[in-house]
Every structure is written in C-alpha cells, then in structure tokens.
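Novice: How does the following fold in three dimensions:
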Amino acid sequence: MTQIIVLPHVELCPDGAVIEAAPGISICDALLGNDIEIEHACEKSCACTTCHIVVREGSASLAAAEELEEDLLDKAWGLEPDSRLSCQALVGDVPLVIEIPKYTINMVKEGHKK
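Specialist: Residues are numbered from 1 along each chain as shown. Alright, predicted model coming up:
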C-alpha cells in the first residue's frame with residue numbers, strides 16, 4: 001500500500017488526511033474510497049477537469065500524463081506544473097502529497113461557498 005497525504009481542503013477534507021492506496025488504483029478512486037468526495041463530473045472518463053489535483057510531492061513516480069489529459073488540464077482552474085487529473089493518475093509505490101484546488105470549473109458558480 002502507498003501512503004497519500006491529502007492537504008487540507010476547506011470543504012472536502014478540512015483537516016487533511018493520510019490514506020493508503022493500492023498501487024495501480026487512480027488517485028480519484030483512492031480519495032473516493034476514503035470518503036474524500038472529490039468531484040468527478042465525467043465519471044472518471046477523462047472528459048472534464050473537476051477531479052484536478054496538484055501533486056506536491058511524489059509526482060516523478062507517476063506515469064506521464066497522456067495528450068488528452070494534458071489538453072484538458074489546460075482548462076483547469078489553478079493549473080500548476082504538477083497538476084494532474086486524479087482520475088488518470090495512477091498510484092505507484094512512492095508516497096504522494098496532494099492538494100485539491102479550492103475551485104473547479106463546476107464549483108465556480110454563484111452562491112457556492114468560497
């Protein structure tokens with residue numbers, strides 16, 4: 001099992017979390033399986049950016065993003081060099097530290113908590 005440290009997110013994980021995930025599972029599935037309800041509007045089919053994360057540590061252990069993921073990431077809010085779509089990034093055997101951005105394209109709407 002691989003350790004994933006999730007940095008605090010005001011709505012999804014206010015205190016942060018430390019979870020364990022089997023290598024080969026997507027980061028999105030690892031989060032969802034540990035009650036961290038990250039958005040995944042396209043049902044993890046690499047068709048949106050709602051599951052965008054930033055890999056703060058351990059990004060070199062992940063397989064490179066494919067072209068479709070790279071194209072979609074260009075549309076993500078708060079894009080950074082180590083941004084990934086959590087539905088496409090598969091856990092390896094190196095611990096990860098991830099941050100879920102404050103907003104997604106779905107969350108930036110009138111009346112949503114900031």
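Novice: pretty sure residue 31 is in a strand, no?
Specialist: No: using DSSP: H, G, I helix; E, B strand; the rest coil, the secondary structure at residue 31 is helix, not a strand.
Novice: ok, the nearest residue in space to it that is not next to it in sequence - contacts?
Specialist: Among residues not flanking residue 31 along the chain, residue 38 sits closest, at 4.8 Å (Cβ to Cβ, 6 or more residues apart in numbering). Glycine gets a C-beta too; all of them are placed from N, C-alpha and C. If you count contacts by Cβ atoms under 8 Å, 6 or more residues apart in numbering, residue 38 has them with 12, 28, 31, 32, 50, 51, 53, 86, 100.
Novice: what about residue 38, distance to residue 67?
Specialist: Distance, residue 38 to residue 67, using Cβ to Cβ, to the nearest Å: 23 Å.
Novice: got it, and residue 49?
Specialist: 15 Å.
Novice: And those two? Which one has more around it.
Specialist: Between residue 49 and residue 67, residue 49 has the larger neighbour count (other Cβ atoms under 10 Å), namely 23 against 8.
Novice: Find the residue ranges of the chain scoring beneath the pLDDT cut-off.
Specialist: Along the chain, segments meeting pLDDT under 70 span 106-114.
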